[in-house]
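1. Here is a sequence with its predicted model. Questions after.
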Amino acid sequence: MDKTSVKLTVFFEEPFWVGVFEWLSDGKLSVCKVTFGAEPKDYEVLDFILRYYSGLKFSPAVETEGRQTADNPKRKQRMAKKQLQSSGIGTKSQQALQMQREEMKTERRQISREQREIEKQRQFDLKQQKRKEKHRGH
């Protein structure tokens, strides 16, 4: 049976509040980082999820092993307390975020390179047109 889970961690990363969505599906982890700015209230986070979750860009999937634990309420309470005390995000999440940053960087470079080529071609065509106009004669 396929199991999918999504976890949102909100923490303070100087100078903004940041949310990290971790999406675990079939042993693969994808992450998305969102900057909130000021400390978000619970209802603001819920509103953000309802409005913008479908449009979030998650990182490429990273292979990870999921741990299966029993549904012991005391264990769940300990885990929640441990997560509240820990600061930051897990290393797998950091790796996935880094992969996403690199992917976005290459996309930006490719787009800017294409725009530069288009602008260069436009300038060349303009120059050629001016040359033709000069040699038209009267």
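-> Nice, thanks for sending it over. Numbers count the residues shown, from 1 in each chain.
2. and the lowest-mean-pLDDT helix or strand in the chain, how far out from the chain's middle?
-> Using mean pLDDT, DSSP states H and E, strand 62-63 stands out as the lowest-scoring helix or strand of the chain, at a mean of 77. Its chain's C-alpha centre and that of strand 62-63 lie 15 Å apart, by CA atoms, centre = their mean, to the nearest Å.
3. Can you list the buried residues in stretch 49-63?
-> For stretch 49-63, a neighbour-count test (16 or more other CB atoms under 10 Å) marks Ile49, Phe58, Ser59, Ala61, Val62 as buried. The C-beta positions use only the backbone N, C-alpha and C, and glycine is treated the same way.
4. related to what we said a few turns ago, ok, the least confident helix or strand of the chain: who's next to it in the sheet?
-> Partner strands and pairing direction for strand 62-63 (DSSP bridges) are strand 28-37 (antiparallel).
5. And the contacts of the strand it pairs with?
-> 10, 16-23, 44-45, 48, 56-64, 89, 92-93, 96-97, 100 (CB atoms under 8 Å, 6 or more residues apart in numbering).
6. re the thing from before, which residues touch the least confident helix or strand of the chain?
-> Gly27, Lys28, Leu29, Ser30, Lys92, Gln95, Ala96, Met99.
7. tell me the secondary structure for Arg136?
-> What DSSP: H, G, I helix; E, B strand; the rest coil gives for Arg136 is coil.
8. Strands along the chain, start to end?
-> For the chain, the strands defined by DSSP state E cover 4-13, 16-25, 28-37, 62-63.
9. Now do the same contact list for the closest residue to Pro40 other than its chain neighbours.
-> Among residues not flanking Pro40 along the chain, Trp17 sits closest, at 6.1 Å (CB to CB, 6 or more residues apart in numbering). With contact taken as CB under 8 Å, 6+ apart, Trp17 is in contact with Val10, Phe11, Thr35, Phe36, Gly37, Ala38, Glu39, Pro40.
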